[in-house]
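Student: please work out how this folds:
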Amino acid sequence: MNIDCNTYFNLSLDYQCKNNKYKALYDMQYNGIPKLLLFSGIASIVYDSDSIFESKYKIDYYDYGCIGESEDCMKDYNMEVFKYLDKEFGISWRKEIRPDVIGLKDYIEIR
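Tutor: As a prediction, this is how the structure comes out:
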């Protein structure tokens, strides 16, 4: 799906989430590297396998720590990234992703 900057800004203002599915689509199309959004608490958690996953699937984990947007907004963003991963890589990524990525369990249940 192609969206232009005007579409992105109009839709995101209506939605009132800084990170939502439209921002995910924008990031994937124009920023090149999609993100997977996380909440991990005061101290960010980084696993050795994170960099392997990021490199293999050309994606970045983005950890808000304990302060971020609403979980619903982050889930909307991540759902679009999950769809992208399915389209580009099939379902193999699901066995390698961090289990604490917002919305992952819901996505797997509906797919």
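Student: Y84 contacts L36, doesn't it?
Tutor: No - using Cβ atoms under 8 Å, Y84 makes no contact with L36, being 10.4 Å away. C-beta here means a position set from N, CA and C on the backbone, and glycine is covered the same way.
Student: pick out whichever of these two has more residues nearby.
Tutor: Neighbours per residue, other Cβ atoms under 10 Å: of Y84 and L36, the larger number sits with L36, 27 against 17.
Student: and L37, that's in a helix?
Tutor: No - if the criterion is DSSP: H, G, I helix; E, B strand; the rest coil, then L37 is strand and not within a helix.
Student: now do the same contact list for it.
Tutor: N19, Y62, Y64, G68, M74, Y77, N78, V101, I102 (Cβ atoms under 8 Å, 6 or more residues apart in numbering).
Student: confidence score at the nearest residue to I102 once chain neighbours are set aside?
Tutor: Nearest residue to I102, sequence neighbours excluded (Cβ to Cβ, 6 or more residues apart in numbering): M74, at 4.5 Å. Looking at M74, its pLDDT reads 91.
Student: in this protein, which spans are strands?
Tutor: 35-38, 60-63 (DSSP state E).
Student: hmm, back to that, make a markdown table from the contacts of L37 and add distance to A43 and neighbour count to it.
Tutor: Putting the contacts of L37 into a markdown table (distance: Cβ to Cβ, whole Å; neighbours: other Cβ atoms under 10 Å) gives the following:
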| residue | distance to A43 | neighbour count |
| --- | --- | --- |
| N19 | 22 | 24 |
| Y62 | 16 | 14 |
| Y64 | 12 | 16 |
| G68 | 15 | 18 |
| M74 | 19 | 24 |
| Y77 | 23 | 28 |
| N78 | 22 | 24 |
| V101 | 18 | 19 |
| I102 | 18 | 24 |
